[in-house]
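*Asks:* Please work out how this folds:
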Amino acid sequence: MSDLVQDWTSTMGLVMNSRAKICRGKFEDWIGWEPVFRALFDGRPVHEAGAIAITDRNGSDLDLGRSFNLDDDPEEIAHFLRQAGFG
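*Replies:* Residues are numbered from 1 along each chain as shown. Below is the predicted model of the structure:
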C-alpha cells in the first residue's frame, strides 16, 4: 500500500501484480477509487467534467491550433503554453 500512497503504483497495478485482493465488489469498483485515493494522498482534486476551463487571456476558448511568430507577445505565448498543459 505504501507504493500506492507514494504514487509508485496504481490501484490497477496492485491488483494486476497480486498485491491487493478484492474481497467484495467488482474489479471496476476498486479501480474507480483511484481518483479518491489521489485526492486524499496528494490533494489532487477529483476531476469532474467541465471543471477545467482552457481559455485564452480574454477568457475565450483556447485555440489549440494556434501558432506563434517570433515577434508575438512572450506573455501571450507563455499563457497559451500554460493553458495547453506545457507549463
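*Asks:* Just the CA atoms of the lowest-mean-pLDDT helix or strand in the chain, as CSV, please.
*Replies:* Within the chain, no helix or strand scores below helix 2-5, which has a mean of 82 by mean pLDDT, DSSP states H and E. C-alpha atoms of helix 2-5 as CSV (Å, rounded to 0.1, in the frame of the first residue of the first chain):
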residue,chain,number,x,y,z
SER,A,2,3.0,2.3,0.6
ASP,A,3,3.6,2.3,-3.2
LEU,A,4,0.1,3.5,-3.8
VAL,A,5,0.5,6.3,-1.2
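*Asks:* Could you list every helix and strand in contact with that helix?
*Replies:* helix 11-16, helix 34-42 (3 or more C-beta pairs under 8 Å, 6 or more residues apart in numbering; DSSP states H and E). All C-beta atoms are positioned from the backbone trio N, CA, C, and that covers glycine.
*Asks:* Residues contacting that helix, please?
*Replies:* 9, 10, 11, 13, 14, 19, 37, 41 (C-beta atoms under 8 Å, 6 or more residues apart in numbering).
*Asks:* Going by neighbour count, which of those residues are buried?
*Replies:* By neighbour count, with 16 or more other C-beta atoms under 10 Å, these hold 9, 11, 14, 37 as buried.
*Asks:* Give me the domain ranges for this structure.
*Replies:* Split into domains by automatic domain parsing, the chain comes to 2-42, 53-87.
*Asks:* For the shortest one, give the mean pLDDT please.
*Replies:* Right, the one you point to is domain 53-87. Domain 53-87 shows a mean pLDDT of 94.
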